[in-house]
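Asks: predicted model, plus sequence, below.
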Amino acid sequence: MNMKKIKLVGAAVALSCMTFIAGCSSSASKSASGTSGNSDSNKSVTVVLKTLSSPYWQYVQAGAEAAGKKLGVKVNVVGPSAESQVMEQVNMIQDQISQSPSALVVSPSQPTTVVPVLTSAVKAKIPVLLIDSDAAFDGKTTFIGTDNATAGAQAGKLLSSMLQKGDKVVLIAGALGNPATDQRIKGAKDALTKEGIKIVAQQPGDSDKSKAMTVMENILQKNSDIKGVFAANDDMALGALRAVQAKHLDIKVIGTDGTEEAVQSILSGGLAGTIAQSPYNMGYQGVENALKASDGKKISSRIDSGIQVITKDNAQKQLDFLKSISK
């Protein structure tokens, strides 16, 4: 099978930049103070993520904190208890704005809900940079992240290459209104349909492993002849896989994000693949460019952090990289 692999943009650069990486944490708030002693030591960058309760967001946190250490800027990383807690995130952003950081880096869970508070930050002369998920509003400095539609399309192509025309598949989406997971689902759906694969169900799993497992169990009760699953993140893919394995079925399951657990599952014969993003790079580049913006420097309005198709062929290499950034 021939697959076009998209290189993980900037991974080597990010690794060479590291002098220290804070250990991943699942706490709702954690800060890192710069130690390089340069002129930016009195500046602070706040990073508000969708949550800190999953490995993916912990990689983003690690990248942000590593940038803070390297560049000598105080970094405060916060996030709600779950991606579905939209108003909790809004309240966190408001709280951080009241503390007047030098710049604000945000991954909006639900852009339409978060935009008003982000606009208030811009009015307060605080540069606002978005990572992972984009949102349209006046004054945004930049968006750093994956082209999620492309990631979904790559997943659709990968899954199609493992199936036959006419085979039935399931799509498990994220929380309703989450643009990143919505775009992945659309990209996958377009690619699968183009290859003649039949989509028999599409349901939200709220980016949660347990919920995705329940969703998959319910789908399998009505559709016993499913041949493939695409989930818009790895936690949901792993949840769906549990439901599949419990029934001892041969169903190819593809995830998105390239988390350590997902990659280990691929190596052990569980997941069939994942579309890896560069969460560490998003965090690192978010802080790096936030510092530039706070200094009045011009930066690109769109920065692509890259993706990579992970299968058993290159899973060990990806696992080694993930372990190196979570020490």
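Replies: Yes, it's here. Numbering: from 1, shown residues only.
Asks: number of residues surrounding residue 116?
Replies: 10 (other CB atoms under 10 Å). Every C-beta, even on glycine, is put in place using the N, C-alpha and C of the backbone.
Asks: now stretch 108-122: average pLDDT?
Replies: Averaged across stretch 108-122, pLDDT comes to 94.
Asks: with stretch 126-136 instead?
Replies: On average, stretch 126-136 scores 94.
Asks: can you give me the end-to-end span of it?
Replies: 17 Å (CA to CA, to the nearest Å).
Asks: strands of this protein, start to end?
Replies: Remark: strands assigned in the chain by DSSP state E are 29-32, 44-48, 74-78, 103-106, 128-131, 142-145, 168-173, 198-204, 226-231, 252-257, 273-276, 302-304, 308-310.
Asks: quick one: closest of the ones you listed to residue 237.
Replies: With distances scored as CB to CB, the stretch of the strands of the chain nearest to residue 237 is strand 252-257 (2.9 Å).
Asks: list the buried ones in stretch 283-296?
Replies: 283, 284, 285, 286, 287, 288, 289, 290, 291, 292, 293, 294 (16 or more other CB atoms under 10 Å).
Asks: if we look at it, which residues are touching it?
Replies: 10, 14, 17, 40, 43, 45, 47, 59-68, 71, 73, 75, 102-105, 127, 129, 131, 141-142, 144, 299, 303, 305 (CB atoms under 8 Å, 6 or more residues apart in numbering).
Asks: worst mean pLDDT among the strands of the chain?
Replies: Looking at the strands of the chain, the bottom one is strand 29-32 with a mean of 40.
Asks: contacts only, for residue 84.
Replies: 109, 175, 206, 207, 208.
Asks: the first one contacts residue 179, correct?
Replies: No: assessed by CB atoms under 8 Å, residue 109 is found out of contact with residue 179, at 9.5 Å.
Asks: tell me, what's touching those two both at once?
Replies: residue 133.
Asks: so residue 276 makes contact with residue 260?
Replies: No: Residue 276 is beyond contact range of residue 260, at 10.7 Å (criterion: CB under 8 Å).
Asks: okay, these two: which has more neighbours?
Replies: residue 276 (29 against 20).
Asks: for that one, give the beta-bridge partners.
Replies: residue 257, residue 308 (DSSP bridges).
Asks: list the contacts for residue 241?
Replies: Going by CB under 8 Å, 6+ apart, the list of residues near residue 241 reads 253, 265, 270, 271.
Asks: now tabulate those residues in JSON lines and tack on distance to residue 238 and neighbour count.
Replies: Shown next, in JSON lines, are the contacts of residue 241 (distance: CB to CB, whole Å; neighbours: other CB atoms under 10 Å):
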{"residue": "253", "distance to residue 238": "8", "neighbour count": "29"}
{"residue": "265", "distance to residue 238": "6", "neighbour count": "21"}
{"residue": "270", "distance to residue 238": "8", "neighbour count": "17"}
{"residue": "271", "distance to residue 238": "7", "neighbour count": "28"}
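Asks: now the two most distant members of these.
Replies: 253 and 265 (8.9 Å).
Asks: shared neighbours, these two?
Replies: Shared contacts of residue 253 and residue 265, counting by CB under 8 Å, 6+ apart, come down to 241, 271.
Asks: quick one: pLDDT of residue 326?
Replies: 73.
Asks: I'd say residue 55 and residue 255 touch.
Replies: No: using CB under 8 Å, residue 55 is not in contact with residue 255; the gap is 11.9 Å.
Asks: okay, these two: which has more neighbours?
Replies: Using other CB under 10 Å as the criterion, residue 55 and residue 255 rank with residue 255 on top: 34 against 19.
Asks: shouldn't the more buried one be in contact with residue 237?
Replies: Yes: the pair residue 255 / residue 237 is scored as a contact, 2.9 Å apart, by CB under 8 Å.
Asks: shared neighbours, those two?
Replies: With CB under 8 Å, 6+ apart, residue 255 and residue 237 have common neighbours 231, 262, 271, 274.
Asks: who's in contact with the closest residue to the third one other than its chain neighbours?
Replies: Spatial nearest neighbour of residue 271, chain neighbours left out: residue 265 (4.4 Å); criterion: CB to CB, 6 or more residues apart in numbering. Under the criterion of CB under 8 Å, 6+ apart, the neighbours of residue 265 are 238, 241, 271.
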